[in-house]
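Engineer: A structural model of the following input is requested.
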Amino acid sequence: MAAHQRTDNLPIEAVAECHKQAKRDGLFAGVSSALASVILGSKLFRLNRNATLVCGAVTGVLAGYQFTQAFLSSNLARLRAEQAQLLRQQQPDPKLT
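Structural biologist: Purely as a prediction, here's the structure:
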């Protein structure tokens, strides 16, 4: 999915920053999802301690991965749009010549 997107014409530093931001945001989303899962598992579903912890860990890891991929895709799309806008601004307008 998003991990296989082409980044040939994008600056390496900007792509690295996109990855860094996506990992940070995905980690936060994963931890939040794990916490919510643990609370729901223990209070609502009345799971025992071990099942609750496993449920929270699995939920956190899977949600964190999915959110990281989504944030990476979004960040790269935003970077591509910024690059395209910058290229349009740098090209001379043929109507003016």
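Engineer: so what secondary structure elements neighbour the strand or helix carrying residue 65?
Structural biologist: According to DSSP states H and E, residue 65 maps onto helix 49-90. Contacts defined by 3 or more Cβ pairs under 8 Å, 6 or more residues apart in numbering; DSSP states H and E place helix 49-90 against helix 12-39. In short, each C-beta sits where N, CA and C put it, glycine included.
Engineer: so what does the helix it packs on touch, helix or strand wise?
Structural biologist: helix 49-90.
Engineer: got the angle between the helix it packs on and helix 12-39?
Structural biologist: Following axes from the mean of the first three to the mean of the last three Cα atoms, to 10 degrees, one obtains 150 degrees for the angle between helix 49-90 and helix 12-39.
Engineer: What pLDDT is listed against the residue minimising distance to the centre of the chain?
Structural biologist: For the chain, the residue nearest the mean C-alpha position is residue 71 (2.2 Å; Cα atoms, centre = their mean). Per-residue pLDDT puts residue 71 at 98.
Engineer: which residues touch the residue lying closest to it once chain neighbours are set aside?
Structural biologist: Among residues not flanking residue 71 along the chain, residue 22 sits closest, at 4.0 Å (Cβ to Cβ, 6 or more residues apart in numbering). When contacts are counted by Cβ atoms under 8 Å, 6 or more residues apart in numbering, residue 22 touches 68, 69, 71, 72, 75.
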